[in-house]
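Enquirer: The following block contains a protein sequence and its predicted model.
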Amino acid sequence: MTSRREFLKTGGALVIYFSFHQAFGQAAATRLPGSLNTNRMLNAWLRIDADGSVTIFSGKIELGQGIGTALAQIAADELDVDMKRIRLVHGDTALTPNEGQTAGSQSVQEGGTAVRYACAEAREMLLSAAAAKLGTKDLKIVDGTINDSLTYWQLAGELDLKKEASGTAKPKPAAEHKWVGKSVPRRDIPKKFTGGQAYVQDVRLPGMLFGRVVRPPSPGAILISVTEKETRRMAGVVAVVRDGNFLAVAAEREEQAIKARAALAKAAVWKESATLPASGAALYEHMVSLGVPAQTMLDKSGEAAPAAKKLAARYTRPYQAHGSIGPSCAVAVWENEKKLHVWTHSQGVYPLRGDLANVFGLELAAVRCTHAEGSGCYGHNGADDVALDAALLARATGGRPVKLQWMREDEFMWEPYGSAMVVKLDGALDAEGRIVSWSHELWSHPHSRRPGQSKGSHTLAARHLAKPVGAEPVGDIPLPAGGSDRNAIPGAYDIPNVKVSKHFIVESPLRTSALRTLGAYGNVFALESFMDELAAAAGVDPVEFRLRHVKDPRARAVIENTASRAGWKIGASAGASNWGFAYARYKNIGCYCAVAAEVDVDRKTGKVVVKRAVSAVDVGQAVNPDGITNQIEGGIIQSASWTLKEAVSFDRTRVKTRSWADYPILRFEEVPQVDVAILNQPEAPFLGVGEGAQGPAAAAIANAVARSTGKRLRDLPLTPSRVKTALA
C-alpha cells in the first residue's frame, strides 16, 4: 500500500505535502469557488510532475457519468497542456480532497469549479516564476512549454503549492478553450468495452479470499441458531463469522464461497415477524394516516383574480430499487487488526471511512477507503453496506484480503430503496386560464441515509451485530437542494399564491435512501402532470400553457426548442395526441431540461411503449457535449423504466422482489429513440446535469398516455394492468 507521502515522491512533485483543511487560526475566511471552499489548499487539487505529467486529485468519483474526462478537460485548458498529460486520482482518503458524496449532479458544478480555479492559480504562479527566469512578461504557453525554452517540469522543483487558494485567479474565457466545449472520448470506456480491469469486481490482491454473506430472510428477522460445523468442513472454507444476526463465509475460490453460503443459509434458523405495512394502494393510505405533522416549505400570498375553476389530484410513486446490474462488491484487508483498507464503489469514501471507524472503534487515520468503480450505481445502493460486510469478514482471515460480493437477492432485498411518496395538488384558474393558486402537499420517508450524516453508522450490518451500532434519525436535506421536497416548489412558474408543505416520515418500514434525483422524480411527475391537467381544464395547449407562466428566458428557450424539434404546434388545439410534454429546472437551481415523449398504447393489453423522446437542456457552460448527451439520454431511459415498470413488492413480512423476474426493467427493444439538444451558455457557470431529465421524462410519458387515451393515470408505475383497468 502506498502512502500519500510516498505517492508524492514519485516524479519530482511540485507539491511537498498535503493538507485538506483551512489554514489554522484564520477567522471568517473568504468563500472560495466550488469545493475549494472546504478544501482550501492548492496542493489538495493538483501536482506538476517532473516526468511531464499533471496529476489532478478529485474527491468526486467516476461512476459512469464521465466526470473523469470532464475534469481532465477543465484542467488541461486552465494549465495549457495536452489532455494526455492529465492523470486523475479519484476518491481516496489517503490521497484526495474530501468532497463528501458524489451526488446531486454536483461533480462539475462544485468539483469542476474547484479544479478550474486551482489550476488557474497554479498557472499564474508558473507564469510568474517563468517571467522572473526569462526576464520578460511576454509569455506564451504551448503544452506546458513557455516561450519555447522553459517548461513546467523544469519549474516543478522550485515552486510550492502548499498554500491556501486565493480564489482570485481568473479562469480563461470560453473563447480561449481548446478542450472545454468539445466532445472528447471518455477515459473510462475502453476498459469497460474490452473487458479490462474496470470495476471493483475486477480487483485482485495477493492471497485474496472470496466472501459471501447470509442475510436475514426479512427485515424483522432474528437469528435463533446456526450450525456451522458442516460449512467449516467444506472445501476451501477459511472463515465463518457469526456476530449477532450477521453471518458470512470466506473461501479460497468464489464458487466455494457461494456453495458455503448456501449451506450456511440452510443451517440457520430465524424468527420472523410481520413488520411491514400493506402494499399497493393501502401503503399510501397508511403513509397519510400516520398523522405526521406538516412542515411548510413555502407560503407565498399575492394578489390574483378570483378563481373560476378549481382542480385537485393525488399522485403516488412506489418504493423503487436501484437495480444495479452488478451486485455490490468490496475488497477489505486488515493490517495487524489495527488498520483497515477497503476498496469500494461508495459515492463518498470519506463519510464511509467515518462509519467504518465508528463500527470498529478505530481512529479515522486507521481506516483508508479507496474508490474503485462499481458496475451499477446512481444513488445509495449497497456499496457502503458491502464495504462493512467485507471488513467484518476480513477481520477473521488472519490478514488475508477478502473480496465480498452480494448475490442478486441480497441486492434486491437489502439495498436502500427510493422512498414511496404521496403528493396531493390543488390548483385554481382565473377566467383567462391563468393559475392563481397552487398547493403541493407531500408525504415521504427519508431520501438519504448515507454514511456520515450522523453519529454511529447507517451501514446495514452495523444494526445486525450482537452489539449493534445504530445511528441518529436523519433529517431531510434542506432546500434549495432538498430531499423529499426536492423540486416540490413550482419555481419555474409565475404563480401569485403558492403553498408547499411536507410530511417527513422519519421511520420507514423498508430501508430508504438516495435513488437518483431523490424526491424530484416523484415531485416533478406530480407537478408536471398537474400542469397538463390544469391546461386541459383551461382548454389550452400544454406547451402554450407553460409558456404563459414562465418568465425565465433560459427556461423558455429549452421549452420552445424541445417543442419545435418534436414537431409540437404550440397553441394548437389541446386535443388528443400521442405526445406529452414536461419541463423542470433540477432543484430549481441546476440544469434546465424539457422533454417531449411520444407513446404507443396498446388498448387491448394496456402496454405502453415510449417510441421517441426529444429533449433540450441548458447546463450553463457545456464541458463535454457528448457526456451531457449521454447523461440526458440515460436519464430519460432510466426514467422510462421507472415510470412504466419498476416497483418493489412485499407482503406483511418479507420483500418479495428477489430477482429480475420479480423486478422487470426496460429491455433493449423497448428503449426509445432519444434526441438531445444542448443550449450551451459558454460564459455561464457549470450546472449539474446527471439528474435533470428523470422527472420531466416521467411526466412527459404520463402526459402522453393521458392525451393518447383520454385517461389520466396518477399512480406509478404505468403498468399494463393499470392502463388496461383505466381504459376499461
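Expert: Yes, it's here.
Enquirer: okay, CA-based contacts and neighbour counts for the rest of this
Expert: Fine.
Enquirer: burial of the closest residue to residue 218 other than its chain neighbours, as a residue count?
Expert: Nearest residue to residue 218, sequence neighbours excluded (Cα to Cα, 6 or more residues apart in numbering): residue 654, at 4.8 Å. Per other Cα atoms under 10 Å, the neighbour tally for residue 654 reads 20.
Enquirer: Is it correct that residue 66 is in contact with residue 186?
Expert: Yes - between residue 66 and residue 186 there is a contact at 6.3 Å, judged by Cα atoms under 8 Å.
Enquirer: Comparing these two, which shows the higher neighbour count?
Expert: Using other Cα under 10 Å as the criterion, residue 66 and residue 186 rank with residue 66 on top: 22 against 17.
Enquirer: So in this structure, which helix runs the longest?
Expert: Determined from DSSP state H, the single longest helix within the chain is helix 113-134.
Enquirer: before we move on, the earlier item: hang on, the residue nearest to residue 218 packs against residue 217?
Expert: Yes - using Cα under 8 Å, residue 654 is in contact with residue 217, at 7.1 Å.
Enquirer: rewinding a little: any idea how far the longest helix of the chain is from the chain center?
Expert: Helix 113-134 sits 33 Å away from the centroid of its parent chain (Cα atoms, centre = their mean, to the nearest Å).
Enquirer: quick one: average confidence on the helix or strand following that helix?
Expert: Downstream of helix 113-134, the first helix or strand assigned by DSSP states H and E is strand 141-142. Averaging pLDDT along strand 141-142 yields 94.
Enquirer: and the next element down the chain from strand 141-142?
Expert: Next in sequence after strand 141-142, counting helices and strands by DSSP H and E, comes strand 145-146.
Enquirer: what's the burial count for residue 627?
Expert: 24.
Enquirer: got it, and residue 697?
Expert: By other Cα under 10 Å, the residues close to residue 697 number 36.
Enquirer: Residue 432 too?
Expert: Neighbour tally, residue 432, other Cα under 10 Å: 10.
Enquirer: Name the residues contacting each of residue 66 and residue 186.
Expert: residue 627 (Cα atoms under 8 Å, 6 or more residues apart in numbering).
Enquirer: just to revisit the earlier point, now do the contacts for the residue nearest to residue 218.
Expert: 217, 218, 219, 274, 276.
Enquirer: Need the buried ones from those selected in ChimeraX.
Expert: Selection of buried members from these for ChimeraX, criterion 16 or more other Cα atoms under 10 Å:
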select :217,218,219,276
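Enquirer: quick check, nearest of the contacts of residue 654 to residue 53?
Expert: residue 219 (50.9 Å; Cα to Cα).
Enquirer: my guess is that closest one is in a strand, correct?
Expert: No - using DSSP: H, G, I helix; E, B strand; the rest coil, the assignment for residue 219 is coil, not a strand.
Enquirer: if I pick it, what's in contact with it?
Expert: 275, 510, 653, 654.
Enquirer: how about a cut-off of 7 Å?
Expert: The contact partners of residue 219, by Cα atoms under 7 Å, 6 or more residues apart in numbering, come to residue 654.
Enquirer: For the spatially most distant residue from the centre of the chain, report the pLDDT, please.
Expert: Ranked by distance from the centre of the chain (Cα atoms, centre = their mean), the top residue is residue 135, with 49.7 Å. Listed pLDDT for residue 135 reads 91.
Enquirer: which of the contacts of residue 654 lies closest to residue 197?
Expert: Closest approach between the contacts of residue 654 and residue 197, by Cα to Cα: residue 217, at 33.6 Å.
Enquirer: Can you tell me the SS state at residue 718?
Expert: Per three-state DSSP, residue 718 ends up coil.
Enquirer: so how many other residues sit close to it?
Expert: 24.
Enquirer: give the contact list for it.
Expert: 643, 644, 645.
Enquirer: which of the residues you listed has the most neighbours?
Expert: Going by other Cα under 10 Å, residue 643 tops the contacts of residue 718 with 28 neighbours.
Enquirer: Can you give me the distance of that residue to residue 324?
Expert: In this view, residue 643 and residue 324 are 17 Å apart by Cα to Cα, to the nearest Å.
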